[in-house]
Each structure stands twice: as structure tokens, then as C-alpha cells.
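>>> my questions are about this predicted structure, shown below with the sequence.
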Amino acid sequence: MRLEKWGVILFSFLALQAGAQVFDLNPLSCFPFEPVFKNGYVVKNHIHSIHASIVYKRDNEAIQDKGLSKTWEYDSRGLLTRYYFTTIKGSVNKEVPHPAVFRRGRRISAAYMTEEPVYSYDTTFTDYLYNAQKQLLLRRTRDGDYYNTVYYEYDTQGNVRKESVYRETNASENKNVFKLGVQNQLSQEEFRYEKLSTRQFKCKHLNDEGKVFKETIFQYDSIGHLLEENNSYTVSWMRSSTHMTYDKSGKMLSKLAVSNENGEESAKSVYKYTTENKVDVEDRYKGDEKYYELNYLYDKQTGMLTSHFIREELNKAIVIVKYSYDFY
């Protein structure tokens, strides 16, 4: 089930809401499988960057550390300015000698050789730029020699009114500094908003010909929690919806996404919390089958996230993610 484009649009202001949580559980997040660290959490702790190291372990096997990592960088306002992660580009085997082992002058094991993989990596960078109102103006991702850039424009109410996607090149000799070279537009989408009631509004999605191709209706409760998001395409049978539930204190309890884009599909997340009201466990389901269990650990003194574990039920494996911080 793919991430709706609308989720990317609303990231700039939904992910900036402060609160007791360390990261945002909003279903319209730009990173549905990553923690989106809340602005309040970043500002309160004077965080400059968050680094995640990732290892993998199958049941009854040793931990595999392939040097994978992810990093989030923030400005002094707590706004995400850069996100980057490594992927394995290739590997070669290296012979590793192991000497013979002697004990009390007697050899108890002979010397031998083993092979270990040596990995090469690619790093994908995404940069974010904001205006003085903390509105996201662009999101630029490097893809080899090219850049995929999304530009955002806003109306007077602070809503995104236009999203433009471009393929760009960097004319700067210093590839760490971006200077616009060739720019080709890939797509453009505009948005029109209509208030249906005090708790419901509609967004119309217009293509580059100015025609409505999709409508999204949002339903909120009396204190502003998003209860439903319903998407429908005007010239096809495709429909999708997301439904959220909350407890009395406003913590999200569950999130159910349903779509008929690839046949009838559903995905659900169920959340449990610590006594400090931080997310403790998240169970993820496809249909009725549980396929992920995420556990989060926090520092007892600072309350900051230190690690999380992703249990892959089908693969009988666990992904271990450990976090470290740099501060202002």
C-alpha cells in the first residue's frame, strides 16, 4: 500500500506539533516506517543531530553488522534540515587469517582462513529548506548525478496550494554545495480547500491541466484529532481511507489503512504506552496477520529514545536500531 502524496504535503506542519511524545505518530507522516522526531522533543533537548546505527539478527544466528546507518540533522529551531541513509552498493570477500592456538606449549587448534565480506556503500541525502514561518519550501533528494526536488507554495491560511516536482542538476564544482543547473519539471499539483463543517474539510487535487483528479476528506474530533482520511479518484474506482482511534488523554491507540488500489488490502498499527506516556510497543498487521512488532527503549534519566527493535515475524528476525545524539 503506497504512501499517499498528501501525506508528504502535510509533513511540514504536522510533524512540527509539540507534545509529550518523542516522535510523531500522525498517519500523514513523510516517513511512515521511520520515527519522525517531534519539534518539541528536538528543541527541548537542544538536539543538533540524531544518528541511528542498524544491525540485523535472524533467530539462532549471530548479529550481522553491515555498517548501515541513518542520520537526521536539525537547525536551532528544531526543524529537520537534512536526512541521509546508507545502502549497500556491493561487497567483496576478504580472507582473514586466524593463527593457531597453543596452550601450555601444545597446539590445540590449527591455523585457518575465513572469508568476510567488505561492503561498499551509497548514501542518499535529502535536504529541507523552510521560510521564516517554518513552512517547508523544498525537499531535495540526491539521486546519483541528479536531484529530485519538490517545491511547495502556500496560501494565506498556511495551507499548501501547489506542489511542483523537478529533476535537477548541480552546476557547482563542490557537490556539497547546490547551485541550480538544468531543471526539468516532472509534475505539478495544486490544491483547493473547502470547509464542509466545523470538523470536516475537503481537499481537491488538481493536475497540471487544472482538472480535479482526486478528492480527500478529513474528519476531526472536537479537540482536533484526525479521525478519518478518505481518498477517492474522480476517473477511476480507486479508494483508500485511514481511520484513527485515541484514548481519553489523546494518545493514538490504533491506525487502520484500507485500500482497493491493488485489490482489497488493509494495514493496521496498534500502540501501547509506558507509564510516562511514551510509545512502548507498536504492533503492525497486514489484514489479520501480524508482520512487525516494534519495541522502543528510553533513557531512564533523560527520557530520550535510545533504541528500538523491529521484530519481523515472517522472517524470524529482528532489526536493532541504536540512537546517539549531538547537541547544540
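Received the coordinates, thanks. Since this is a predicted model, take the numbers as computed values, not measurements. Numbers count the residues shown, from 1 in each chain.

>>> beta-bridge partners for the closest residue to Leu206 other than its chain neighbours, please?
Leaving aside its sequence neighbours, Leu206 sits nearest to Glu190 (C-beta to C-beta, 6 or more residues apart in numbering; 4.3 Å). Yep, even glycine has a C-beta here, placed from its N, CA and C like the rest. Note on Glu190: beta-bridge partners Lys162, Leu206, judged by DSSP bridges.

>>> for Glu190, give me its contacts.
Applying C-beta atoms under 8 Å, 6 or more residues apart in numbering to Glu190 gives the contacts 161-163, 205-206, 210.

>>> got the residues you listed as JSON lines, with distance to Asp247, neighbour count and pLDDT columns?
What follows is the contacts of Glu190, written out as JSON lines (distance: C-beta to C-beta, whole Å; neighbours: other C-beta atoms under 10 Å; pLDDT from 0 to 100):
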{"residue": "Arg161", "distance to Asp247": "35", "neighbour count": "15", "pLDDT": "95"}
{"residue": "Lys162", "distance to Asp247": "37", "neighbour count": "15", "pLDDT": "95"}
{"residue": "Glu163", "distance to Asp247": "34", "neighbour count": "20", "pLDDT": "94"}
{"residue": "His205", "distance to Asp247": "33", "neighbour count": "21", "pLDDT": "95"}
{"residue": "Leu206", "distance to Asp247": "38", "neighbour count": "16", "pLDDT": "96"}
{"residue": "Gly210", "distance to Asp247": "43", "neighbour count": "8", "pLDDT": "93"}
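
>>> from those residues, which is closest to Lys248?
Distance to Lys248 across the contacts of Glu190 (C-beta to C-beta) is lowest for His205, with 34.7 Å.

>>> please name the nearest non-neighbouring residue to that closest one.
Lys214 (4.0 Å).

>>> now Val212
Lys204 is the one closest to Val212 (C-beta to C-beta, 6+ apart), at 4.9 Å.

>>> so that neighbour sits against Glu189, correct?
No. With contact defined as C-beta atoms under 8 Å, Lys204 does not reach Glu189; the gap is 10.6 Å.

>>> mind checking which of those two has more residues around it?
Taking neighbours as other C-beta atoms under 10 Å, Lys204 and Glu189 compare with Glu189 leading, 19 against 15.

>>> got a list of what that one touches?
Here Glu189 is in contact with 5, 162-164, 205-208 (criterion: C-beta under 8 Å, 6+ apart).

>>> and the helix or strand hosting the residue nearest to His205, what does it pack against?
For Lys214, the element it lies in under DSSP states H and E is strand 212-220. When contacts are defined as 3 or more C-beta pairs under 8 Å, 6 or more residues apart in numbering; DSSP states H and E, strand 212-220 packs onto strand 200-206, strand 226-233.

>>> rerun that using 10 Å as the cut-off
Helices and strands touching strand 212-220, by 3 or more C-beta pairs under 10 Å, 6 or more residues apart in numbering; DSSP states H and E, are helix 5-14, strand 180-197, strand 200-206, strand 226-233, strand 239-246.

>>> compare these and say which comes out lowest on pLDDT.
Of all those, the minimum mean pLDDT falls on helix 5-14 (a mean of 32).

>>> which element follows that helix toward the C-terminus?
strand 23-24.

>>> for that next one, the averaged confidence score.
Across strand 23-24, pLDDT averages out at 70.

>>> likewise for stretch 103-118?
92.

>>> one more: stretch 82-96?
Here the average pLDDT along stretch 82-96 is 93.

>>> what residues does it touch?
Residues from elsewhere that reach stretch 82-96 (C-beta atoms under 10 Å, 6 or more residues apart in numbering): 30-31, 34, 49-50, 52, 54, 66-75, 112-128, 139-142.

>>> switch the cut-off to 7 Å
66, 68-73, 113-127 (C-beta atoms under 7 Å, 6 or more residues apart in numbering).

>>> in strands, which of those residues appear?
Cross-referencing those against strands under DSSP state E gives 66, 68-73, 113-127.

>>> buried ones among the residues you listed?
Neighbour counting with 16 or more other C-beta atoms under 10 Å marks 68, 70-73, 126-127 as buried within these.

>>> farthest pair in those?
Across those, the longest distance by C-beta to C-beta is 20.8 Å; it joins Leu68 and Asp127.

>>> sorry, back to before: need the winner for burial among the helices and strands packed on strand 212-220.
The highest average neighbour count among the helices and strands packed on strand 212-220, using mean count of other C-beta atoms under 10 Å, belongs to helix 5-14 at a mean of 20.

>>> pull the CA atoms of stretch 99-117 into PDB?
C-alpha atoms of stretch 99-117 as PDB (Å, rounded to 0.1, in the frame of the first residue of the first chain):
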ATOM      1  CA  PRO A  99      46.500 -18.100  13.900                       C
ATOM      2  CA  ALA A 100      46.900 -21.500  15.600                       C
ATOM      3  CA  VAL A 101      46.000 -21.600  19.300                       C
ATOM      4  CA  PHE A 102      48.500 -23.000  21.800                       C
ATOM      5  CA  ARG A 103      48.000 -23.900  25.400                       C
ATOM      6  CA  ARG A 104      50.900 -24.900  27.700                       C
ATOM      7  CA  GLY A 105      53.100 -25.400  24.700                       C
ATOM      8  CA  ARG A 106      50.700 -27.700  22.900                       C
ATOM      9  CA  ARG A 107      48.700 -26.700  19.800                       C
ATOM     10  CA  ILE A 108      45.100 -27.200  20.400                       C
ATOM     11  CA  SER A 109      43.800 -25.800  17.100                       C
ATOM     12  CA  ALA A 110      45.400 -25.300  13.700                       C
ATOM     13  CA  ALA A 111      45.700 -22.000  11.900                       C
ATOM     14  CA  TYR A 112      42.900 -21.400   9.400                       C
ATOM     15  CA  MET A 113      41.400 -18.900   7.000                       C
ATOM     16  CA  THR A 114      37.900 -17.500   6.700                       C
ATOM     17  CA  GLU A 115      36.300 -15.100   4.300                       C
ATOM     18  CA  GLU A 116      34.400 -11.900   5.500                       C
ATOM     19  CA  PRO A 117      32.500  -9.500   3.300                       C
END
